[in-house]
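Asker: give me a 3D structure for the following:
(one chain, ligands or ions: 1)
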Amino acid sequence: MEKKSTSRREFLATAGKAGVAAGLSFTVLPSLANSFNNGNLGGEWYRQDPLPYSYKDLEPVIDAMTMEIHYTKHAATYTKNLNDAMKEEYKKAGIEGLDRTLGEISKYSAKMRNNAGGHYNHELFWKCMTNKPALKPSGKLSAAIDKTFGSFDAFKTQFGEAAKTRFGSGWAWLIITADNKLKITSTPNQDNPLMDIAEVKGMPLLGLDVWEHAYYLKYQNKRPDYIANWWGIVNWEFVQKRYESLA
Ligand code: MN
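Answerer: Residues are numbered from 1 along each chain as shown. Down below sits the predicted model:
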């Protein structure tokens, strides 16, 4: 418990704000605990959670082959390489949680940055999608989106722009900042908004992978089509729970 509250303080300090957003830590999200902080299990610190659906369940938005390769090859490699990086840098990272390591990522190697980010981002991404989509948020999150962005459609347009205009490989995000505001941002490569080197910092609520490996088999160069279709599989129930735990 001691270490978890330290972690939260550090996140808030990193974000440059104080005293708000109680619970900005994965400790309040038990369903994510396994994948984000396993502890040292015989030299294996982190594991992929099983996908919450089958490879073909997100069709036609994301085809089964893309899902299978993405999960079993790309994402699995980040997890493996994160465990390798942990072997080398364990003394700095400890087992206090990936969110803490990410918050101090400038102190670590490029290998840790790329693979801690890669593991975290994909574990979140899988859970942000579902074959039983709600299509739009409701409750507190819906109200906050309307207040912040004007409307759900305006939010989707702005998020879509962030995803389309992220040059090269990277991610688009909806985050909650340490002063409890919703923001849209994007990051290059496998960086994310928890990292101390991120331009815009906060806790990711929703993330979209815009690496070509996420869409190229079906969409080729048409990233905007992938983004437009992706709204049809977003797991708003999951995103809402994250928001309600943190806001
Ligand atoms: Mn990916």
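
Asker: tell me the pLDDT of the residue of the chain found nearest the ion.
Answerer: At 4.3 Å from the ion, Asp209 is the closest residue in the chain, using CB to the ion. Heads up, the C-betas are built off the backbone N, CA and C, glycines and all. Per-residue confidence (pLDDT) for Asp209: 98.

Asker: for it, grab phi and psi.
Answerer: phi -80, psi 120 (degrees, to the nearest 10).

Asker: and if you look at Trp171?
Answerer: Residue torsions, per degrees, to the nearest 10, at Trp171 are phi -140, psi 150.

Asker: how about the contacts made by it?
Answerer: By CB atoms under 8 Å, 6 or more residues apart in numbering, the residues touching Trp171 are Asn121, Ser186, Thr187, Gln190, Asp191, Asn192, Gly207, Leu208, Asp209, Val210.

Asker: please verify my assumption that the last one contacts Glu161.
Answerer: Which is Val210. No: Val210 is beyond contact range of Glu161, at 11.8 Å (criterion: CB atoms under 8 Å).

Asker: for the chain, just list every one of the helices.
Answerer: 2-15, 33-36, 64-69, 76-93, 98-103, 110-127, 139-149, 152-165, 216-219, 223-230, 236-246 (DSSP state H).

Asker: out of those helices, which comes closest to Glu44?
Answerer: helix 76-93 (5.4 Å; CB to CB).

Asker: export that closest one as PDB, just CAs?
Answerer: Output of helix 76-93 as PDB, limited to C-alpha atoms (Å, rounded to 0.1, in the frame of the first residue of the first chain):
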ATOM      1  CA  ALA A  76       3.900 -10.500 -27.600                       C
ATOM      2  CA  THR A  77       7.400  -9.200 -28.600                       C
ATOM      3  CA  TYR A  78       6.900  -6.000 -26.600                       C
ATOM      4  CA  THR A  79       6.000  -8.100 -23.500                       C
ATOM      5  CA  LYS A  80       9.000 -10.400 -24.000                       C
ATOM      6  CA  ASN A  81      11.400  -7.500 -24.500                       C
ATOM      7  CA  LEU A  82       9.900  -5.700 -21.500                       C
ATOM      8  CA  ASN A  83      10.800  -8.700 -19.400                       C
ATOM      9  CA  ASP A  84      14.300  -8.700 -20.800                       C
ATOM     10  CA  ALA A  85      14.600  -5.000 -20.000                       C
ATOM     11  CA  MET A  86      13.400  -5.700 -16.500                       C
ATOM     12  CA  LYS A  87      16.200  -8.200 -16.000                       C
ATOM     13  CA  GLU A  88      18.700  -5.600 -16.900                       C
ATOM     14  CA  GLU A  89      17.100  -2.600 -15.100                       C
ATOM     15  CA  TYR A  90      15.300  -4.400 -12.300                       C
ATOM     16  CA  LYS A  91      17.100  -2.500  -9.600                       C
ATOM     17  CA  LYS A  92      15.700   0.800 -10.800                       C
ATOM     18  CA  ALA A  93      12.200  -0.400 -11.700                       C
END
